[in-house]
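Undergrad: the following block contains a protein sequence and its predicted model.
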Amino acid sequence: MTRTSIKAVIPAAGLGTRFLPATKAMPKEMLPVVDKPAIQYVVEEAVAAGSDDVLVVVGRNKNALANHFDRVTELEHTLAQKGDDSKLEKVMAASRLADVHFVRQGDPLGLGHAVLRARKHVGNETFAVLLGDDLIDARDVLLSRMIEVSRTQSATVIALMEVDPSHIHMYGCAAVDATGEDDVVKVKYLVEKPAAADAPSNLAVIGRYVLKPEIFDVLEKTEPGKGGEIQLTDALEALAADEEIAGPVLGVVFRGRRYDTGDRLDYIKSNVLLALDRDDLGPDLSAWVKELAERL
């Protein structure tokens, strides 16, 4: 698979109210998943897919995000003096990942508005959007595949995942047609959080998008929807309904490992699952989990 340079946009302006009081003074994107903040996993995914230019769309009180991707020379010096090369490398890794930029969203007008704030930075290029609540296991390919499909078929591409029909009301849902490729479908239309009986499929939209620059003009004209917010789903629906705007909207069906860190219980599960896969933590944690299971 050819590695393609692409700009990445990470909306990170949410208040994180599900995790209060932990997020009263700390951005939810900085909550640790094992020993790295959630947003670092997302930036690492973007870099692995070919991006060296990342724009983070933030709200107020999000300075910790910028600090994390900046140099901390005093800490680096202290670790170097101690000869603690392992910790020094971990500290410096975040600032070496990519050219990370920040822009304020200003008014909290929804995901579509956050994406629109990236217009000047992205320019007239296809770009990736990665939501920080969805972590994709680094061993599974998703974004690179989406970029490839977008490039070869001149399409807007969204990530889809099969979910239990009883859970489809928690997601945007795609009505699709098959294509000649097993993991690619054509999106006919989208339904936001439908009841199970009304859902056109069990394919849920998850937080990865590869968008063509025409999306910005559509977002400019998109009226506020649910909650008075500009919904990215509404703009994607407009693109799916009229291929003359920017070509087709396709979905890549992801069958790998995804960790939802936007829900408290799933956040805890994500920490455990990722830690179990670590050579330094997995064996001891696995033994403890088995012991705990026997006691319950």
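TA: Good, I have the coordinates. Residues are numbered from 1 along each chain as shown.
Undergrad: give me the mean pLDDT for stretch 241-260.
TA: The pLDDT scores in stretch 241-260 average 92.
Undergrad: give me the buried positions along that stretch.
TA: Across stretch 241-260, burial judged by 16 or more other CB atoms under 10 Å covers 245-246, 249-254, 257-260. C-beta coordinates here come from the backbone N, C-alpha and C atoms, glycine included.
Undergrad: only C-alpha atoms, please: export it in PDB.
TA: C-alpha atoms of stretch 241-260 as PDB (Å, rounded to 0.1, in the frame of the first residue of the first chain):
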ATOM      1  CA  ALA A 241     -27.400  12.500  -2.400                       C
ATOM      2  CA  ASP A 242     -25.600  14.400  -5.100                       C
ATOM      3  CA  GLU A 243     -22.500  12.800  -6.600                       C
ATOM      4  CA  GLU A 244     -21.900  15.800  -8.800                       C
ATOM      5  CA  ILE A 245     -20.700  17.800  -5.800                       C
ATOM      6  CA  ALA A 246     -17.700  15.700  -5.000                       C
ATOM      7  CA  GLY A 247     -18.100  12.200  -6.400                       C
ATOM      8  CA  PRO A 248     -19.500   9.200  -4.400                       C
ATOM      9  CA  VAL A 249     -19.500   8.600  -0.700                       C
ATOM     10  CA  LEU A 250     -18.000   5.300   0.100                       C
ATOM     11  CA  GLY A 251     -17.600   3.300   3.300                       C
ATOM     12  CA  VAL A 252     -14.700   1.200   4.400                       C
ATOM     13  CA  VAL A 253     -16.000  -1.600   6.700                       C
ATOM     14  CA  PHE A 254     -13.600  -2.000   9.600                       C
ATOM     15  CA  ARG A 255     -13.400  -5.500  11.100                       C
ATOM     16  CA  GLY A 256     -10.400  -4.900  13.500                       C
ATOM     17  CA  ARG A 257     -10.000  -3.800  17.100                       C
ATOM     18  CA  ARG A 258     -11.600  -0.500  18.200                       C
ATOM     19  CA  TYR A 259     -11.500   1.000  21.600                       C
ATOM     20  CA  ASP A 260     -14.300   3.500  22.700                       C
END
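Undergrad: which sections of this protein are below the confidence cut-off?
TA: Counting by pLDDT under 70, the ranges of the chain that qualify are 1-4.
Undergrad: wait, a strand at residue 209?
TA: Yes: using DSSP: H, G, I helix; E, B strand; the rest coil, the assignment for residue 209 is a strand.
Undergrad: I'd say it and residue 158 touch.
TA: Yes: counting by CB atoms under 8 Å, residue 158 is a contact partner of residue 209 at 5.4 Å.
Undergrad: which residues are in contact with both of the two?
TA: Counting by CB atoms under 8 Å, 6 or more residues apart in numbering, the shared contacts of residue 209 and residue 158 are residue 236.
Undergrad: the more surrounded of those two?
TA: Ranked by neighbour count (other CB atoms under 10 Å), residue 209 and residue 158 place residue 158 first, with 28 against 24.
Undergrad: could you pull up the residues touching the more buried one?
TA: Counting by CB under 8 Å, 6+ apart, residue 158 touches 174, 187, 205, 208-210, 236, 249-252.
Undergrad: can I get these in JSON lines including distance to residue 8?
TA: JSON lines is the format used below for these (distance: CB to CB, whole Å):
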{"residue": "174", "distance to residue 8": "22"}
{"residue": "187", "distance to residue 8": "22"}
{"residue": "205", "distance to residue 8": "18"}
{"residue": "208", "distance to residue 8": "10"}
{"residue": "209", "distance to residue 8": "11"}
{"residue": "210", "distance to residue 8": "10"}
{"residue": "236", "distance to residue 8": "18"}
{"residue": "249", "distance to residue 8": "20"}
{"residue": "250", "distance to residue 8": "19"}
{"residue": "251", "distance to residue 8": "19"}
{"residue": "252", "distance to residue 8": "16"}
